[in-house]
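K.L.:
Sharing a sequence plus its predicted fold:
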Amino acid sequence: MRKIVLPAIAALFLMTSHNAMAGYLDFSSNWDAPSTKPMSKKAASNVVMQCSAVKAYYSMAGQTSGAMVVAGPHETPTDKNTHLTVRLYKNNKHEKSCHVYVNTKLEYTSCSCEYVD
């Protein structure tokens, strides 16, 4: 019986403790202000998590690394494709900015990330 119970408890601890050690996905308070198309936070979360870079920062250990959605679906004069803007943080430092592109149905199509100065 002990051979089953102790490993089960250890496995349960490891599975539940991962979230406490993982990074975060958050939304700025006015993330939907520049939006040209309505999108819920849940839908936006599902879309941005399909970007490998966002997923990698979200999965980083610690509470000071992760991703923040700063702008909902929109276009800009320099980027006519509809995209969400996401900032990636590592140890509280803004390292990258990403455009997560969506199609006309607001489904993920691709993402592009660049390091910031």
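P.N.:
Great, that's in hand.

K.L.:
Would you map the strands across this protein?
P.N.:
24-27, 66-74, 83-90, 93-102, 108-115 (DSSP state E).

K.L.:
quick one: which of the ones you listed is nearest residue 38?
P.N.:
strand 66-74 (8.0 Å; Cβ to Cβ). C-betas here are computed from N, CA, C, even on glycine.

K.L.:
what's the closest residue in space to residue 60 that isn't next to it in sequence in contact with, if anything?
P.N.:
The shortest distance from residue 60 to any non-neighbouring residue, by Cβ to Cβ, 6 or more residues apart in numbering, is to residue 23 (4.3 Å). Shown in contact with residue 23 (Cβ atoms under 8 Å, 6 or more residues apart in numbering): 57, 58, 59, 60, 61, 62, 63, 65, 66, 67.

K.L.:
could those residues be laid out in a markdown table, adding distance to residue 97, neighbour count and pLDDT?
P.N.:
Formatted as a markdown table, the contacts of residue 23 follow (distance: Cβ to Cβ, whole Å; neighbours: other Cβ atoms under 10 Å; pLDDT from 0 to 100):
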| residue | distance to residue 97 | neighbour count | pLDDT |
| --- | --- | --- | --- |
| 57 | 12 | 25 | 95 |
| 58 | 15 | 20 | 95 |
| 59 | 19 | 13 | 93 |
| 60 | 17 | 19 | 92 |
| 61 | 22 | 11 | 87 |
| 62 | 20 | 13 | 82 |
| 63 | 21 | 12 | 84 |
| 65 | 15 | 21 | 94 |
| 66 | 14 | 21 | 95 |
| 67 | 11 | 28 | 96 |
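
K.L.:
re earlier: what pLDDT does the model give the residue nearest to residue 60?
P.N.:
Looking at residue 23, its pLDDT stands at 88.

K.L.:
Thanks again, I'm all set now.
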